[in-house]
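Trainee: What follows is a predicted protein model with its sequence.
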Amino acid sequence: MSISKGIALITGSAQGIGRSIALRLARDGFDVALNDLPTKSPQLESVATEIESIGRQVCVVPADVTVNEQVKEMVGDAVTKLGGLDVMVANAGVVTVASLISSSVESWDHTSAVNARGPYLCYKYAAMQMIDQGRGGRIIGASSVVGKMAFPYSCSYAASKFAVRGLTQVAALELGKYGITVNAYAPGGIQTPMTKDMMDESGKADFEGLIDDPVSREWITSLLENVPIKHVGQPEDIASIVSYLASKEAHFITGQCISVDGGISMT
């Protein structure tokens, strides 16, 4: 086994983007702590087996990222099992499709808890551990193209992903003096289990049955079908930018939210 480049913890890593990030960082030479909900333990164990085959150390730290004590324990368990923490990827998230008028308070609260409170708690406890270690670190969060430009039927999701950008900038300002960079990634349409109800197998937008307003449905479909790069987004496309942000080469990048969306959002 080669010398480890460090220890990375990835939330929501049982499937989709999180799984791809975990495997990519393992291939990059990191030892990996895998997180998702306890109900996804079988999937986590499967990912752990793949990482072991790469030759890296791995541990499974199930937790609900919306619960303060569970996130604190998750970080502590990862540190105990692997020996520290150098990269935190707050990837866990949920998608909610509903208009402002049809949405419920319960849906708003759940989406905000997973997508905004989750990264807040991950950033907080990762930062505390990294400061204590005194060797810097990388904190990386999941925003979205919808965290840069609003889509109809995404009120709670857009609000939560815009929140990640603000959290990331504040954390970058506060943690830079400790050698900790804080950045986020903003995926566009990516083929994952979470987006299977919104994209067909060819990657074409499919909101039939999810959005009952034809004007909103046509607006989103037209936007997604006119992306400059025609490649259908894959989890590996997101893993590649996380790989770079986690590397030593990215030491002078902080407070950024990097779009990986084929050109939907240009700034």
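Mentor: Nice, I can see it.

Trainee: which strand is the longest one in the protein?
Mentor: In the chain, with assignment by DSSP state E, the single longest strand is strand 180-187.

Trainee: in whichever helix or strand comes after it, what counts as buried?
Mentor: With elements assigned by DSSP states H and E, the helix or strand that comes after strand 180-187 is helix 214-225. Neighbour-count burial for helix 214-225, counted by 16 or more other CB atoms under 10 Å, picks out 216-217, 220-221, 223-224. The way it works is simple: take the backbone N, C-alpha and C, and place the C-beta from them, glycine included.

Trainee: would residue 259 count as being in a helix?
Mentor: No: when DSSP: H, G, I helix; E, B strand; the rest coil is applied, residue 259 is found to be strand, with no helix at that position.

Trainee: re the thing from before, out of the buried residues of helix 214-225, which one sits closest to residue 55?
Mentor: Checking the buried residues of helix 214-225 against residue 55 with CB to CB, the nearest one is residue 224 at 38.8 Å.

Trainee: what packs against the longest strand of the chain?
Mentor: Applying 3 or more CB pairs under 8 Å, 6 or more residues apart in numbering; DSSP states H and E, one finds that strand 180-187 contacts helix 118-133, strand 137-142, helix 155-175, helix 235-246, strand 257-260.

Trainee: let's see 7 Å
Mentor: Packing contacts for strand 180-187, counted by 3 or more CB pairs under 7 Å, 6 or more residues apart in numbering; DSSP states H and E, involve strand 137-142, helix 155-175, helix 235-246, strand 257-260.

Trainee: residues touching the spatially closest residue to residue 236 that is not a sequence neighbour, list them.
Mentor: What sits nearest to residue 236 in space, not counting adjacent residues and going by CB to CB, 6 or more residues apart in numbering, is residue 20, at 5.3 Å. For residue 20, the contacting residues are 235-236, 238-239, by CB atoms under 7 Å, 6 or more residues apart in numbering.

Trainee: One more pass at 10 Å, please.
Mentor: When contacts are counted by CB atoms under 10 Å, 6 or more residues apart in numbering, residue 20 touches 10, 13, 47, 91, 190, 192, 234-240, 242.
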